[in-house]
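Q: Provided below for reference: sequence and predicted model.
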Amino acid sequence: MEENNDIESRIIEAAKIVFVRKGYEATKMGDIATETGISRTSLHYYFRTKELLFEAIFGQLISMILPNVEIIMNEDSCILEKLPLIIDEYLAAIRQNPLFPVFVVNEMNRDPEHLFHAIMIHSKRIVPILRLREQIIVEMEKGLIRKRPLIDMASTLISLVVFPYLARHALTTAFLEGNREAFEIFLDQRVELIKEVMYNLLTPENK
């Protein structure tokens, strides 16, 4: 069983690499088998189709981040207290899957409906995010946080977290002399900036 799980993980990681390199549409199952270092027959034993692999990639990421978000959402605290914890979970998931932002952006541009379908397969796991949205709306109405369009909040957080990964090579070359270790340090230090920006975005003006 452990060996099977290990091979599945290797296949998923290989699929991420190939999907980013070639795009979902152009990727063949044989490409993924080659990247994994197994035969196409072995690949089909674990994943019969490319679509199942695509869904597995999303399932992996969602299962990593949403259970912890659910724990945070069960706490009896306000959004301004929960937000730093949620940001930590979000960042940890991306740090463990640095190719994921590129993959998602590529798919959003190629076929957003396909991406939405993959997400909605795990619709029950999205419940904590819906609870987060509801709490934000309630606290805005009560004046506990500043009223902002939800799209502003979501796009700001996503851009703060995701953009460095999309521009990793350019940022490393332009500002860090190509030093990859320095880029990882930059990511570590950026955490507090992200929290500060989001806190300031939501804190009422009279506080």
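A: Cool, got the structure.
Q: next, name the residue at the spatial heart of the chain.
A: Closest to where the C-alpha atoms of the chain average out (Cα atoms, centre = their mean) is I94, at 5.2 Å.
Q: I'd guessed that residue sits against V104; true?
A: No. The criterion here is Cβ atoms under 8 Å, and I94 misses it with V104 at 10.3 Å. Every residue, glycine included, has its C-beta placed from N, CA and C.
Q: re earlier: ok, the residue nearest to the centre of the chain - contacts?
A: I94 makes contacts with F100, P101, V161, V162, Y165, as judged by Cβ atoms under 8 Å, 6 or more residues apart in numbering.
Q: including pLDDT and distance to L115, could the residues you listed go into TSV?
A: Shown next, in TSV, are these (pLDDT from 0 to 100; distance: Cβ to Cβ, whole Å):
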residue	pLDDT	distance to L115
F100	81	12
P101	86	13
V161	91	18
V162	90	14
Y165	91	17
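Q: what's the farthest-apart pair in the residues you listed?
A: F100 and V161 (11.0 Å; Cβ to Cβ).
Q: now do the helices in the protein.
A: 2-22, 29-36, 40-46, 50-73, 79-96, 100-110, 112-120, 127-142, 150-166, 168-175, 180-202 (DSSP state H).
Q: run through who's touching the longest one.
A: Taking contacts as Cβ under 8 Å, 6+ apart, the residues outside helix 50-73 that touch it are 8, 11-12, 15-16, 19, 24, 27-29, 32, 47, 82, 85-86, 89-90, 92-93, 96-97, 100, 103, 114, 118-119, 121-122, 125-129, 131-132, 135.
Q: next one: the third one
A: When contacts are defined by Cβ under 8 Å, 6+ apart, helix 40-46 is touched by residues N4, I7, E8, I11, M29, G30, I32, A33, T36.
Q: most neighbours, which of these?
A: The most crowded member of the contacts of helix 40-46, judged by other Cβ atoms under 10 Å, is I32 (24 neighbours).
Q: you'd agree it is up against V18?
A: Yes. Look at I32 against V18 with Cβ under 8 Å: they come within range, at 5.3 Å.
Q: hang on, the earlier thing: please identify which of the contacts of helix 40-46 is nearest to K142.
A: Nearest to K142 among the contacts of helix 40-46, counting by Cβ to Cβ, is E8 at 45.9 Å.
Q: how about the closest one, nearest residue that isn't a chain neighbour?
A: What sits nearest to E8 in space, not counting adjacent residues and going by Cβ to Cβ, 6 or more residues apart in numbering, is Y46, at 5.5 Å.
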